[in-house]
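Next comes the sequence, and after it the predicted model I'd like to discuss.
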Amino acid sequence: MLDPNVRMRRAVKWCADQSGYQIDTLWTMPTEVKEQFESWAISVAEDMEYNALKYFRPFDHQVKFFKTGVSTRRGILAANRIGKTVSTCQECAYHLTGLYPAWWPESARRFNKPTTWFVAGEGWDQVARVLQDELLGTKDIKIVNHLGTGAIPRACIVTDTMRNDGANVIGVEIRHVSGTNSYLLFGNYTQEVRNLQGFKLDGVIFDEQPPDDIFSELVTRTATTQGMVLCSFTPLKGLNGLVSKFWNLESGYDHIRVSWDDVPEYDPWGEPFLLLETRQQLERDYLPHERDARKHGKPVMGKGAIFSIPNWPLYKTGDFDFKNMNDMQRIIALDLGLVNDATVISLMYYNAREQEAWLHSQIVVKGTEEANPMTWIQHLMRPEVFGTPIVLPPDASTKGRYTMSSHSIRSLFESYELNVVEKPVLNPPDSEGKVTNHKSFGINIMRQMIELGTFHINENCVKFLNEAQNYYVDEKGRFSDPDDCIDSARYALLGCLNDWCEPYDGRRPRDRFREVREQYINRDKNYADRMPWKKVYSPDGTSV
């Protein structure tokens, strides 16, 4: 509910804009005109109290969000205090009432019939304080005089249809311009999924990131209506779940990202909104690892973030001609998984002289059918990679562990003449010759190389990047999940550090020795090509 003084300032501004007057000319108006203008402004201020939708003025970034209406999954990944929740709630109010403004973008979605919307937040208290207040104008439905001061006009709220639980509204009908009623439902992420089943929705709003099962269930409710999903996040939970779908531009997911730099200090009414001194104080208040999320809408890396990399060393297929690069080697590594975990096959190129690595490709196989080792073998027997050394984790030698037979993965691979490295992949020996299997060693080496720009990642390794950008270690030293792609890349890197790679052209050291020897033999056959110190002279000074 707006302060009466703010409403009056907006009313004066609105009337001045509508009539073409400049604010500073109000003092020089004829008395009669001034009195008429005053009465007009007072009536507008009164109308604003319970009809805010009519007078809503959006920021540029909010209009940009409305223009993404052609997509069914739309998100705002935004900094704090920029009006992201206002954006989704205002659009919801337009769709519920059918009262679209004249400035509503042509590319934005319109409904010409009543709709049903489900609005959800993290808990009932948050839903009441933020979503219910924004849409209906009250945090506590028992405060009746506030009802209708939100985005939905009071005249559109059918109060005798309202169902509530204490201060919280559960559902209410909303009058639509077509003459029949829309329906607005409120919920939260703590509800059991089974309570969200069995009804159709034209739209869902998620305020902050929902659990995956809640998202899946509510999105399913929009399937037969071709409904839309609106999401607003300050991505403090990192690059996972729904946030990762938007951030990584998965098909069907459209979003805008809004930082403080995109928002002016004053709102479209000319009122102070997010002043510079306020931003500076907030920045000092925020924890360092949260600042990118709270200021720029970038997914937070967390306190124990491992790969805090501002600029990832990415490349495209074709940027490097590995076959013709000097000292180039390659290796394949597998992180093995069963039905619930992915098996990831990584192909890595490595230059030992420069200590530079390229994670060139990863194949991720997951599920009941893909868990069959024969699927993995088919990938490893492709002509372009067949013969490349393959490193496996220690449990690959356990009989029946992944094969469900008397064979181990290692023996099964060997029966197909795959070039499996004899030893399981472990860390290289330390200065005392001790070999360990501590995960942190390989992770730290990988992190250091990424920071130095000597561990290159093919931009097609999307799942690796998703894992790495959200990878952290908790206060007990446990690494986060999922990390199947990270472990597969780590095994490949350890294989490189253990000197188990082979030259990319397939020639072994003996082959190279023979080639060099043949070169010397052929050169020696041609006496004229010998260096002067290699020539033999007779007593008369002639060469022999």
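Ah, there it is.

Measure how far the longest helix along the chain is from the centre of its chain, please.
Criterion DSSP state H: the longest helix present in the chain is helix 31-50. The chain centroid and the centroid of helix 31-50 are separated by 48 Å under CA atoms, centre = their mean, to the nearest Å.

Then stretch 59-79?
Counting by CA atoms, centre = their mean, stretch 59-79 comes out at 16 Å from the chain centroid.

same question, stretch 461-474
Distance, centroid of stretch 461-474 to centroid of chain: 10 Å (CA atoms, centre = their mean).

Take the longest helix of the chain, keep the C-alpha atoms, and write them as CSV.
Below are the C-alpha coordinates for helix 31-50, written out as CSV (Å, rounded to 0.1, in the frame of the first residue of the first chain):
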residue,chain,number,x,y,z
THR,A,31,-6.8,30.3,-10.2
GLU,A,32,-9.7,28.6,-11.9
VAL,A,33,-7.5,26.2,-13.9
LYS,A,34,-5.4,25.5,-10.8
GLU,A,35,-8.5,24.5,-8.8
GLN,A,36,-9.6,22.2,-11.6
PHE,A,37,-6.2,20.6,-11.8
GLU,A,38,-6.2,20.2,-8.0
SER,A,39,-9.5,18.4,-8.0
TRP,A,40,-8.4,16.2,-10.8
ALA,A,41,-5.2,15.3,-9.1
ILE,A,42,-7.0,14.5,-5.8
SER,A,43,-9.5,12.2,-7.6
VAL,A,44,-6.6,10.4,-9.4
ALA,A,45,-4.8,9.9,-6.1
GLU,A,46,-7.9,8.4,-4.7
ASP,A,47,-8.4,6.2,-7.7
MET,A,48,-4.7,5.1,-7.5
GLU,A,49,-5.3,3.6,-4.0
TYR,A,50,-7.5,0.7,-5.3
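
List the buried residues of that helix.
37, 40, 41, 44, 45, 47, 48, 49, 50 (16 or more other CB atoms under 10 Å). For the C-beta atoms, the positions are set from N, CA and C on the backbone; glycine is no exception.

Quick check: phi and psi on the closest residue to residue 480 other than its chain neighbours?
Among residues not flanking residue 480 along the chain, residue 472 sits closest, at 5.0 Å (CB to CB, 6 or more residues apart in numbering). The phi and psi torsions at residue 472 (degrees, to the nearest 10) take the values phi -150, psi 170.

And for the one 10 residues further on?
With angles defined as degrees, to the nearest 10, residue 482 shows backbone torsions of phi -80, psi 160.

State the pLDDT value of it.
pLDDT recorded at residue 482 is 85.

distance of it from residue 440?
To residue 440, residue 482 is 18 Å away according to CB to CB, to the nearest Å.

Who has more neighbours out of the two?
residue 482 (17 against 14; other CB atoms under 10 Å).

contacting residues around the more buried one?
By CB atoms under 8 Å, 6 or more residues apart in numbering, the contact list for residue 482 reads 341, 342, 467.

I'd like to know which of the residues you listed are buried.
342, 467.

which of the contacts of residue 482 has the weakest pLDDT?
pLDDT across the contacts of residue 482 is at its lowest for residue 341, which sits at 80.

Correct me if wrong: it contacts residue 366.
Yes - between residue 341 and residue 366 there is a contact under CB atoms under 8 Å: 7.4 Å.

What's the end-to-end length of stretch 251-268?
End-to-end span of stretch 251-268 (CA to CA, to the nearest Å): 34 Å.

mind listing what residue 198 touches?
Contacts of residue 198 by CB under 8 Å, 6+ apart: none found.

Strands of the stretch 301-450 of the chain, start to end?
314-315, 328-335, 343-351, 356-365, 390-391 (DSSP state E, counting those that start in this stretch).

Take the ones you listed and lay them out in CSV including mean pLDDT, distance to residue 168 and mean neighbour count.
Formatted as CSV, the strands of the stretch 301-450 of the chain follow (pLDDT from 0 to 100; distance: least, CB to CB, whole Å; neighbours: other CB atoms under 10 Å):
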stretch, mean pLDDT, distance to residue 168, mean neighbour count
strand 314-315, 96, 47, 14
strand 328-335, 95, 46, 25
strand 343-351, 96, 45, 24
strand 356-365, 95, 43, 21
strand 390-391, 96, 56, 26
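
Format the ones you listed as CSV; extra columns: distance to residue 494.
Conversion of the strands of the stretch 301-450 of the chain to CSV gives the following (distance: least, CB to CB, whole Å):
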stretch, distance to residue 494
strand 314-315, 22
strand 328-335, 8
strand 343-351, 10
strand 356-365, 11
strand 390-391, 7
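
At the geometric centre of the protein, which residue do we find?
residue 244 (2.5 Å; CA atoms, centre = their mean).

For it, which three-state class applies?
Taking DSSP: H, G, I helix; E, B strand; the rest coil as the rule, one finds residue 244 in the helix state.

Setting the sequence-adjacent residues aside, check what's closest to it.
Per CB to CB, 6+ apart, closest to residue 244 is residue 466, 5.5 Å.
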